[in-house]
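1. No letters, just coordinates:
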């Protein structure tokens, strides 16, 4: 799993821990299989814990909570994601400036 996927999953789960896998997949634009795979990977790493809803009639309904390790990992992933996006922004800004100069020279 890359940082962008990790970031999206951890951010969305922290904000909406009650989302079903199907809703999470729809929210992120992932397939249900990818969502299941990624959630299992996060749980295997100890970053996310799946807990049953106590008051749910559907006993297979889960809430996905970030563990303390998951919260720390989200901070690290967010920092790396931000740095990558800043580099991409700076590159785009340079390209736009070059294109603008080319257009002015026409």
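-> The structure has been received and is ready for your questions. It should be emphasised that the depicted structure is a prediction, and the values quoted were computed from it without experimental measurement.
2. Identify the residues contacting the nearest residue to residue 27 once chain neighbours are set aside.
-> Spatial nearest neighbour of residue 27, chain neighbours left out: residue 12 (6.0 Å); criterion: Cβ to Cβ, 6 or more residues apart in numbering. Where C-beta positions appear, they are placed from N, C-alpha and C, glycine not excepted. By Cβ atoms under 8 Å, 6 or more residues apart in numbering, the contact set of residue 12 is 19, 24, 27, 28.
3. Which elements pack onto the lengthiest helix in the chain?
-> Using DSSP state H, we find that the single longest helix of the chain is helix 68-104. For helix 68-104, the packing partners by 3 or more Cβ pairs under 8 Å, 6 or more residues apart in numbering; DSSP states H and E come out as helix 3-15.
4. Quick one: mean pLDDT over the helix it packs on.
-> Here helix 3-15 scores 93 as its mean pLDDT.
5. Run the angle between that helix and helix 68-104 for me.
-> Angle, helix 3-15 to helix 68-104, by axes from the mean of the first three to the mean of the last three Cα atoms, to 10 degrees: 130 degrees.
6. got the buried residues for helix 3-15?
-> Within helix 3-15, the residues scored as buried using 16 or more other Cβ atoms under 10 Å are 6, 7, 8, 9, 10, 11, 12, 13.
7. Can you tell me which of the contacts of residue 12 has the most neighbours?
-> Neighbour count (other Cβ atoms under 10 Å) singles out residue 24 as the most crowded of those, with 21 neighbours.
8. Check for me that it belongs to a strand.
-> No. Applying DSSP: H, G, I helix; E, B strand; the rest coil, one finds residue 24 to be helix, outside a strand.
9. That one against residue 35, yeah?
-> Yes. Residue 24 is within contact range of residue 35, at 5.4 Å (criterion: Cβ atoms under 8 Å).
10. Chain neighbours aside, what residue packs nearest to residue 36?
-> Nearest non-adjacent residue to residue 36, counting by Cβ to Cβ, 6+ apart: residue 21, 5.8 Å away.
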